[in-house]
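Peer 1: pasted the sequence and its predicted model underneath.
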Amino acid sequence: MIRFLYKGLVRDSSRSFFPLIIITLIVAIIIFFSGFLNGIYNSLFFNTALVNSGHLKVVTHAYNLEYQLLPNDLALLDSDDFLKELNNKYEDYIWTPRITFAGLLDVPDDNGETLTQSPVFGLGIDFLSNNSKQLKIWDLKKKIINGKIFPNQNQVLLSEKLGERLDVKPGDVVTFIGSTMNGSFSTFNFEISGIFNLNLGPIDKDMMIVDIKGAEFVLDMENAASEILGYEKGLYFNDDETVLMRNDFNIQFSDTSDVYRPVMLALRDSNQMSTIVDFSNVIMFIIMSLFLVVVTLVLWNMGIMNGLRRYGEIGMRLAIGETKGHVFKSMIIESLMIGFIGSTFGTIIGITITSYLQRVGLDYSKAIDSLNSSNFAMPNVFYPQVTSDLFYIGFIPGILATVFGTMLAGRAIYSREMAQLFKELEA
């Protein structure tokens, strides 16, 4: 029967072509819109994860209590061994050590006297070691506006705002003045290799980036780290997953009061981010639900109209002796076939478009230029995200709405009377 109905749909394109096109287009739009929302959601938290918290972060309990002071005297020791443990236990995440520090950046004149000074917020990041993924995660090549990435630990990158304030350029030498992990006075001359702009408003206005080996040397923190950050390998933020991993890790140390015990923090635990995460989850759910309701109504209406257009055909089939139940059943099967084929084509098209834009991104820099002065850390490029739910979400409205519409229109079959059918045929 299914083969017979399939041949009928192929040979009579008036019954299948238009519904197939509509379902394909609407499902493709659903897939892309869902992927776009996923990408926006991920982008909103990616910059926070990049600069501050990672998707997960491991610090000592004492460091977490005073994190705003950047207390490197409370840092994680033997970080290399601890890093290996994390990589072995949580293989789906990229784990990387980081040193955060602050101090003064001094620009000397030709006589070695202070020309300009500025407070500086420094990040020691593992860029130069073998197998490091941080260059890819930070994508610094696109963010450096002058100069290049440092080739060794004695060079640094300065933010554009800091560089303008100090009036320096690549090739100049600046002196960092701060304190070591042990509280000793520390100075070191860095050569500027490049100037970068993260487009994050005030977040990078005083930022300096150095390789972690350089930070270890300057701050006397060999084999130590302020924190160890974890990034999901696909760089996709999953709040539920990070909370489960946090709870699983922290329960191991719940029976000790050691202030230096390691503590894992999810992104939502950083800087009161939980409210923003929860709010974003609700907003994304509402937007996606409303969109699905609208497109479902469109497909439902299409199913009804498609059934009503076949009013005469249904009358003819009943008049020649086909039972009402058989007619109704055949219409439902046809709707299932059209819905399934259209949803399949739409899913393929939608995922193809989303995958392409996931690589190249959608540049909204001109649209959000006006926000740069309002101190919002918004990304300039949004990347739609292909997730597992995109492979099935289009089938829900694509099949169900079409079938329900046909079922609603098919109710008229059971109200047709044989005497009335012959009058219609005579007319």
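Peer 2: Yes, it's here.

Peer 1: how about stretch 229-246, which residues are buried there?
Peer 2: For stretch 229-246, the neighbour count (16 or more other CB atoms under 10 Å) marks 229-232, 235-237, 239, 241-243, 245-246 as buried. C-beta coordinates here come from the backbone N, C-alpha and C atoms, glycine included.

Peer 1: please save the CA atoms from the strand or helix carrying Asn247 in CSV.
Peer 2: If you go by DSSP states H and E, Asn247 is part of helix 239-250. Extracted in CSV, the C-alpha atoms of helix 239-250 (Å, rounded to 0.1, in the frame of the first residue of the first chain):
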residue,chain,number,x,y,z
ASP,A,239,25.5,24.5,31.7
ASP,A,240,24.0,21.2,32.9
GLU,A,241,27.1,19.3,32.1
THR,A,242,29.5,21.7,33.8
VAL,A,243,27.4,21.6,37.0
LEU,A,244,27.5,17.8,37.1
MET,A,245,31.2,17.8,36.6
ARG,A,246,31.7,20.4,39.3
ASN,A,247,29.6,18.4,41.8
ASP,A,248,31.4,15.2,40.9
PHE,A,249,34.9,16.8,41.4
ASN,A,250,34.1,18.7,44.6
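
Peer 1: residues in contact with it?
Peer 2: Residues outside helix 239-250 that contact it (CB atoms under 8 Å, 6 or more residues apart in numbering) are 55-56, 58, 90, 232, 262-269, 277, 281.

Peer 1: now swap in stretch 395-411 and tell me
Peer 2: 19, 23, 26-27, 30, 292, 295-308, 327-328, 331-332, 334-336, 338-340, 342-343, 346-347.

Peer 1: what comes up buried for that stretch?
Peer 2: In terms of neighbour count (16+ other CB under 10 Å), stretch 395-411 has its buried residues at 395, 397-407, 409-410.

Peer 1: make a markdown table from those and add pLDDT to it.
Peer 2: Putting the buried residues of stretch 395-411 into a markdown table (pLDDT from 0 to 100) gives the following:
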| residue | pLDDT |
| --- | --- |
| Phe395 | 89 |
| Pro397 | 85 |
| Gly398 | 85 |
| Ile399 | 86 |
| Leu400 | 84 |
| Ala401 | 82 |
| Thr402 | 80 |
| Val403 | 82 |
| Phe404 | 80 |
| Gly405 | 78 |
| Thr406 | 76 |
| Met407 | 78 |
| Ala409 | 69 |
| Gly410 | 68 |
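
Peer 1: the helix or strand harbouring Asp278 - contacts with which helices or strands?
Peer 2: Element membership for Asp278 (DSSP H and E) is helix 273-309. Applying 3 or more CB pairs under 8 Å, 6 or more residues apart in numbering; DSSP states H and E, one finds that helix 273-309 contacts helix 13-48, helix 402-410.

Peer 1: what's the first-to-last distance across stretch 384-396?
Peer 2: Length of stretch 384-396, first residue to last, CA to CA, to the nearest Å: 21 Å.

Peer 1: distance from the chain centre to the longest strand seen in the chain, please.
Peer 2: Assignment by DSSP state E gives strand 93-108 as the longest strand of the chain. Remark: strand 93-108 is offset 26 Å from the chain centroid, using CA atoms, centre = their mean, to the nearest Å.

Peer 1: angle of that strand against helix 239-250?
Peer 2: Going by axes from the mean of the first three to the mean of the last three CA atoms, to 10 degrees, strand 93-108 is angled at 90 degrees with respect to helix 239-250.

Peer 1: pairing partners for strand 93-108, with directions?
Peer 2: Here strand 93-108 has these sheet partners by DSSP bridges: strand 114-125 (antiparallel), strand 173-179 (antiparallel), strand 227-232 (antiparallel).

Peer 1: any residues touching the longest one, and which ones?
Peer 2: The one in question is strand 114-125. Contacts of strand 114-125 with the rest of the structure, by CB under 8 Å, 6+ apart, involve 51, 96, 98-109, 134, 138, 162, 165-167, 176, 206-212, 214-216, 219.

Peer 1: ditto for the second one
Peer 2: Among residues not part of strand 173-179, those counted as contacts by CB under 8 Å, 6+ apart are 101-108, 120, 122, 156, 158, 166, 168, 185-192, 208, 218-219.
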